[in-house]
Every structure is written in C-alpha cells, then in structure tokens.
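In: here is my input, please return the structure:
(4 chains)
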There are 2 protein chains.
Amino acid sequence: MDDAVPNLSTAQLNYLVAITRHRTWAEAAASLQVTPSALSQGIAELERRLGVPLFATDGRRRVPHEYTATVAHAAERMLADLDQVTRWVRAVGGGQIGRLRVGMIDIAAVHYCTAALRTFRRAHPKLDVGLTVAPTGELLGRLERNELDVAVCVDPEGSGPFDSTPLLSDALAVYAPPGVAPIGPPSTWGPWLLFPSASRTRTAIDQRLRAIGAPLVVEMESHQPEVLVEMVRLGLGWTVLPTTQAEHGPHRLSRASAEPLFTRTVSAVTRRGGAQHPAVAPFVAALVAALSG
Amino acid sequence: MDDAVPNLSTAQLNYLVAITRHRTWAEAAASLQVTPSALSQGIAELERRLGVPLFATDGRRRVPHEYTATVAHAAERMLADLDQVTRWVRAVGGGQIGRLRVGMIDIAAVHYCTAALRTFRRAHPKLDVGLTVAPTGELLGRLERNELDVAVCVDPEGSGPFDSTPLLSDALAVYAPPGVAPIGPPSTWGPWLLFPSASRTRTAIDQRLRAIGAPLVVEMESHQPEVLVEMVRLGLGWTVLPTTQAEHGPHRLSRASAEPLFTRTVSAVTRRGGAQHPAVAPFVAALVAALSG
DNA sequence: CTATCTGTTCAGTAATACTTCACAATATGG
DNA sequence: CCATATTGTGAAGTATTACTGAACAGATAG
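Out: Next up, the predicted model:
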C-alpha cells in the first residue's frame, strides 16, 4: 500500500499543469525549459506515487483519463496557493516592496480610477504597480490563476473563490442614432451595435433588452466603446453603453430613454485565501476613499 | 533572484506543519519518523527556497516569525488539497471501492439516520462506511483537515470552507422536572442541566434563554442527552433538548411550554473543493430521500 | 522512401535527502 | 559545582532522485 499522502514535488505538479495547457508534451516540456525526457519520466514518477495511471497510451499518443483533468485542476490550485503565499511572505518577510499586479476593466482604468491610481502611485513611489486592462471575465480568470493581486471589474456576485469590495454603481442606458425622433416603443428599437457575446455585460444587456420587448438584431460587435459610439453617430444602429462612456468626450450620444436600462456594481476583487499582497489593502482603501469622496 | 514559484516537496511542507503541531522540533521529527537532523536541514532548505527566514534563533531555541503561521496555514491547506485529490483519484482511477468516512452528531446517528445508514450499507456492500460520532464543532474540524469525507451535523451557515445540503429541521424545547406545576413565567425557570459551554448548540440555547428572560444558573453540563434526561427526571433541574431526544424511549420528559425554544438545521456538510469521494453524492442523496419520504 | 515529429528508454551525471556521528547550548538534579 | 539528559546544528558518507543526452520506435507528411 502507498503512503496516505505521497511525497510529490511542485515540479511534478507543474509538469501535469503544463501538459494540460499545451497541445503536445514536447511543447509543454519546452515551456518548462526541460527535455521531453524529463517530462516523461516526471509524469511516470507522479503516476507511480499517486498509484494511479493518469494517461492511457493510444498507439503512440498519450490520452488523459476523464479524472486526470480533476487532478490537474487540483494541482493548479495548489500551485496558485503556493505562488500566492510565496509572493506574500517574500514581500512581508523579506522587507521588500515588490510589485502589485492590478487588473481593471477599461472604464475603470480610463475614467473612474485614473485620479486614484495616480495618487496611489505617487504615495507609494517604491511600489511597482503593474496595470492590466481587460474585460471582467479575463480578469477573473487571471485572478484565479494568481496572475493578478487585485482586479477592479464587475462584481462576480459569489461565483468563484473571490472576495469583493463594492466601489461604485455603473448605469447603462440605451442610445439611438442622432435624428431618430420621436423614440417609439422598445419593439421599434434596433438594429444593435453591442459588446461581444462572450462578454458578461453583453449577457446582461441581452437579458434586459429581451425583458422589455426589444428585438435583438445585432449588426456589429466590439469590445471598444469608442468604436460603438462612432458607429452610432454614423447612424448604423443603436447601442447600450455605460452612461459615463457614452456621454463623455467631444462626441456625446443622447439617451433614448432618460432612465438607465440597468446598473451593475463595479468592485475591487481579490482571490480568496489568507495570504494577500500587503499592498492590496491600502490600494483598495485608496480606491474606496477616492470614489466615495 | 529566486524563481517565481520555488520547487518544493510536500515533505518540506509536512515538516513545517509538524513543527506547528508539536512543542519541540525533536517531537515533530519523531512524529514524522525522521531524525532531528533531517528536519533541521529540511527547514533550512525550505527557507532557502522561499528566500525568507521562517524562524529566528533565540539562544538555542527557534522561534517562529509572525508571518510563519500564515505560511504554515497555507502549507496545511495545500496538503489537505493533495490528500483529498489523492484519495479521490485512487478511489476513482484505481477502480477501487475504498472507504467513506462519515461523521454524525449523536442524534443523527442514533435517531434520524439509523434506517438510512442501514439501507445505504446494504445497497453498497463493497463500500467500507466508517462512522464517527462527535459534536458539530469537532466534526467540522475534522472535515477541514480532510479526516472525514462528509458530516451530518448542525449547518455551519457559511462559516468555513464548506458546502452543505440541508436535511431536516430539529426543534429544541424546554423541559421541567416532573411535578413542577403550574409552569411559571421564564424568570422562574431553572436551575439548568445543559450541554457543555463549548458546544455550538449550547451557545444558541444560552442566547435564546437570555432573550426570553430566564435566569442562567447552570448546575451541570454533559454531552450525553440521556444523562441530562435522567437528571431532570430525578428533579435536579431543568434542561433544553431536541424534542426527539427528550420525548423518545421509556422515560420521556414533558415540555414546559408547547412551542419549541428554537430550531436548528441539520445538514450534510462536505469540505469545499473539486475532488470529493465519489460515494459522497449517492450517500447524501440516500439521506435526503430517507428523510423527506 | 526520406524527413520530421511524437513520446519512450537507457545510460551517465549532478543534485538532493537522509542517516549517523560529533558537538554546542540549554536545562535538571544531586 | 559537576554529571546528565535534551534540544537543535553541522559534517561526512550513502542512497535516492532528477536531469541531460543519445538512441529508439510509432506516426505523419511530402
């Protein structure tokens, strides 16, 4: 009988995770800077210690079992935990200053948080604040893999292992092309120029538009609100945007209806777990102070 | 500069955890079946790879830093994850049947779930169902350390990394000694024979009794409801018990007040995390079926 | 068929972890 | 005060382990 808890190395877990992230083992080995031989032997050793084969051999190709994905996922989680606590203890115990990896959705980076970011950077000159701008879904994925220390994005509302601090409410409204007047009932609205279908905000938009009976004919999709604004100004269709993005800058749109279609909560989100980068707390506090004052 | 994610072995994490769980390093080394020298060198290697000292040296004694507890806690979590996924993959991938470790509070084991347990064991003859009976707090602790696969206990209500499936509502009522009549207002009740102060249910009982204005003079404490029932029958005082425990068997108590003092939810609780023992789901399903039908 | 990609296997070598032994610093007890 | 046990550390030797490099075998493409 094998030991209750086998003695593995993180390198072996890394092997497994790398394999799930690359199409071939050779590619995975290259990404780890080891020879394919080392990878092969490492996985064999891992299987031996777990006491269970992780890959079946189909001809020359290695095919994972159904349960292998679960093991790989657990390995990924353990490595993320290790990465998190390592960064934390180095920042704290080493007395270092370190690097704070911040993610933001575009509207937060270019509108809501610009001043707060600048102020925070000035207050912590030795802290290297790295900023990544991406949609909410991608930011949450990175947070889960511990590639970010904190993200400012749409609140995940309890889905996934996250803690969130609400920062502000963001209203989204419907905008018609210039010259459409008077505005008819929702059944006459469209066609639409919207965020891409994969986006979380888009899902919410579709839901709300359907609820009020607007036909969902989508002409174009883009992640860039400026593009959508321009297209609407050219009369190509209608759109739904955060009011701050549509009614800001030289070319403003005007609402089809005075009241917003719906509001979403923008929050500061962190990966759940005891060990956070020590600069996260002051950073979130700075955001809260800047946005409430 | 060290690697982003250092290459550790689970043995090293075990060293750190063992040290936190024993008073001296020699004791910890003995518990791991290695020499003190190996432990010392292993910790030194761990510190080297993390790039941070975990223990300061005060004379001859080694004293942990403040942040060391956090690292140890993360290590504990990673080891629990590993243990969990290892058991799971061995049960699934090895085609084994394995052992299901069930925990229950006494009332569930001897009253609510006896029939369901017997039926489930008969339906899965090759599955070794190990049953541990203990108070809720202890069961949750064991669950967190992955010493149990599932526990039937008072619902933790979101505290801790648990998922829970509600099974039933359990009413607790106040019982006076025989011959006390008529029953006066709550301010005349007592003295009390109750569960021990450390118990979760006792905390809830105290809170409710205070709320209705009953004086809290506690004569005796016991974990065993049978003992409390007997003492009340002998006229030594009043008690608060689950109605099913007090009004069952040959020597029944009668309530001081028809309506229960409060109700608690008994749930099937598991440790949160992707990899569960494959028999947990059918087991919980069997409980739900038996208790709802 | 050749060429190239895949993953495996087999040496040989470098790194690593462990035990044994010796030792320094603390108690404990007479 | 001096014995005596105990705690943690360091050094040497040994066994295990992990890696590289080369040779090998199945698969696929031109």
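
In: now do the end-to-end distance for stretch A:211-219.
Out: Length of stretch A:211-219, first residue to last, C-alpha to C-alpha, to the nearest Å: 20 Å.

In: to clarify, my last question referred to stretch A:258-277.
Out: End to end - C-alpha to C-alpha - stretch A:258-277 spans 43 Å.

In: stretch A:180-193 too?
Out: End-to-end distance (C-alpha to C-alpha), stretch A:180-193: 16 Å.

In: which SSE is residue A:66 in?
Out: Using DSSP states H and E, residue A:66 sits within no helix or strand.

In: read off the pLDDT value for it.
Out: For residue A:66, the model assigns a pLDDT of 76.

In: of all the residues in stretch A:9-20, which ones are buried?
Out: Applying a neighbour-count criterion of 16 or more other C-beta atoms under 10 Å in any protein chain shown, one finds A:9-19 buried in stretch A:9-20. Yep, even glycine has a C-beta here, placed from its N, CA and C like the rest.

In: turn these into JSON lines, columns for distance to residue B:127.
Out: Below are the buried residues of stretch A:9-20 laid out as JSON lines (distance: C-beta to C-beta, whole Å):
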{"residue": "A:9", "distance to residue B:127": "33"}
{"residue": "A:10", "distance to residue B:127": "33"}
{"residue": "A:11", "distance to residue B:127": "35"}
{"residue": "A:12", "distance to residue B:127": "30"}
{"residue": "A:13", "distance to residue B:127": "30"}
{"residue": "A:14", "distance to residue B:127": "35"}
{"residue": "A:15", "distance to residue B:127": "33"}
{"residue": "A:16", "distance to residue B:127": "29"}
{"residue": "A:17", "distance to residue B:127": "32"}
{"residue": "A:18", "distance to residue B:127": "36"}
{"residue": "A:19", "distance to residue B:127": "32"}
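
In: near chain B, which of the residues you listed show up?
Out: Within the set of these, contact with chain B (C-beta under 8 Å from any C-beta of the partner chain) is found for A:9-11, A:14.

In: residue A:219 looks like it's in a strand, true?
Out: Yes - assessed by DSSP: H, G, I helix; E, B strand; the rest coil, residue A:219 belongs to a strand.

In: now, which of the buried residues of stretch A:9-20 lie within strands?
Out: In strands, defined here by DSSP state E, there are no members of those.

In: same list (these) but as CSV, adding distance to residue A:47 and pLDDT.
Out: Output for the buried residues of stretch A:9-20, formatted as CSV (distance: C-beta to C-beta, whole Å; pLDDT from 0 to 100):
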residue, distance to residue A:47, pLDDT
A:9, 14, 93
A:10, 17, 95
A:11, 15, 92
A:12, 10, 93
A:13, 13, 94
A:14, 15, 94
A:15, 11, 93
A:16, 10, 93
A:17, 15, 93
A:18, 16, 91
A:19, 12, 92
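
In: so which residues on chain A come close to DNA strand D?
Out: Within chain A, the positions lying close to DNA strand D (C-beta under 7 Å from any atom of the strand) are A:9, A:11-12, A:33-35, A:37-38, A:41-42, A:45, A:59-61.

In: farthest-separated two in the residues you listed?
Out: Across the residues of chain A next to DNA strand D, no pair lies farther apart than A:9 and A:59, at 30.2 Å, counting by C-beta to C-beta.

In: check which helices and strands the longest helix seen in chain A sits against.
Out: In chain A, ranked by residue count with DSSP state H as the criterion, the top helix is helix A:68-93. For helix A:68-93, the packing partners by 3 or more C-beta pairs under 8 Å, 6 or more residues apart in numbering or on different chains; DSSP states H and E come out as helix A:10-21, helix B:36-50, helix B:68-93.

In: got the contact list for the most centrally placed residue in chain A?
Out: The centroid of chain A falls nearest to residue A:139 when counting by C-alpha atoms, centre = their mean (1.6 Å). Contacts here follow C-beta atoms under 8 Å, 6 or more residues apart in numbering or on different chains; on that basis residue A:139 touches A:103-105, A:132, A:148, A:151, A:153, A:269.

In: can I take it that it is in a strand?
Out: No - assignment of residue A:139 by three-state DSSP gives helix, placing it outside any strand.

In: domains of chain A?
Out: Per automatic domain parsing, the structural domains of chain A span A:10-77, A:98-293.

In: export the ones you listed to a markdown table and tack on distance to residue B:163?
Out: Shown next, in a markdown table, are these (distance: least, C-beta to C-beta, whole Å):
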| stretch | distance to residue B:163 |
| --- | --- |
| domain A:10-77 | 16 |
| domain A:98-293 | 13 |
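
In: in the helix or strand of chain A with the lowest mean pLDDT, what counts as buried?
Out: In chain A, no helix or strand scores lower on mean pLDDT, DSSP states H and E than strand A:55-58, which sits at a mean of 76. Within strand A:55-58, the residues that qualify as buried are residue A:55, counting by 16+ other C-beta under 10 Å.

In: does DNA strand C have contacts with the helix or strand just after it?
Out: Going down the chain from strand A:55-58, the next helix or strand is strand A:61-64, by DSSP H and E. Yes - using C-beta under 7 Å from any atom of the strand, strand A:61-64 reaches DNA strand C at A:61-62.

In: only C-alpha atoms, please: export strand A:61-64 in PDB.
Out: Only the C-alpha atoms of strand A:61-64 are listed here, as PDB (Å, rounded to 0.1, in the frame of the first residue of the first chain):
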ATOM      1  CA  ARG A  61      -0.200   9.200 -28.400                       C
ATOM      2  CA  ARG A  62      -0.900   9.800 -24.700                       C
ATOM      3  CA  VAL A  63      -4.500  10.500 -23.900                       C
ATOM      4  CA  PRO A  64      -5.600  11.700 -20.400                       C
END
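
In: mind giving me the packing neighbours of it?
Out: Right, strand A:61-64 is packed against strand A:55-58 by 3+ C-beta pairs under 8 Å, 6+ apart.

In: quick one: is the strand it packs on near chain B?
Out: No - figure legend: strand A:55-58 not in contact with chain B (C-beta under 8 Å from any C-beta); closest approach 10.8 Å.

In: contacts for that strand next, please.
Out: With C-beta under 8 Å, 6+ apart as the test, strand A:55-58 has contacts from A:43, A:47, A:62-65, A:68.

In: rebuild the residues you listed as JSON lines, extending it with distance to residue A:178.
Out: Formatted as JSON lines, the contacts of strand A:55-58 follow (distance: C-beta to C-beta, whole Å):
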{"residue": "A:43", "distance to residue A:178": "62"}
{"residue": "A:47", "distance to residue A:178": "65"}
{"residue": "A:62", "distance to residue A:178": "60"}
{"residue": "A:63", "distance to residue A:178": "58"}
{"residue": "A:64", "distance to residue A:178": "56"}
{"residue": "A:65", "distance to residue A:178": "59"}
{"residue": "A:68", "distance to residue A:178": "56"}
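
In: residue A:255 against residue A:173, yeah?
Out: Yes - because the distance of 4.8 Å satisfies C-beta atoms under 8 Å, residue A:255 is recorded as touching residue A:173.

In: overlap in contacts of those two?
Out: Common contacts of residue A:255 and residue A:173 (C-beta under 8 Å, 6+ apart): residue A:243.

In: these two: which is more packed in?
Out: A direct count of neighbours by other C-beta atoms under 10 Å in any protein chain shown for residue A:255 and residue A:173 places residue A:173 higher, at 22 against 17.

In: skip ahead from the longest helix of chain A and say which helix or strand is next.
Out: Downstream of helix A:68-93 (by DSSP H and E), the next one is strand A:99-104.

In: tell me if that following strand is near chain B.
Out: No - between strand A:99-104 and chain B, judged by C-beta under 8 Å from any C-beta, nothing touches; the nearest distance is 11.2 Å.

In: next SSE after that strand?
Out: On the C-terminal side of strand A:99-104, the closest following helix or strand by DSSP H and E is helix A:106-107.
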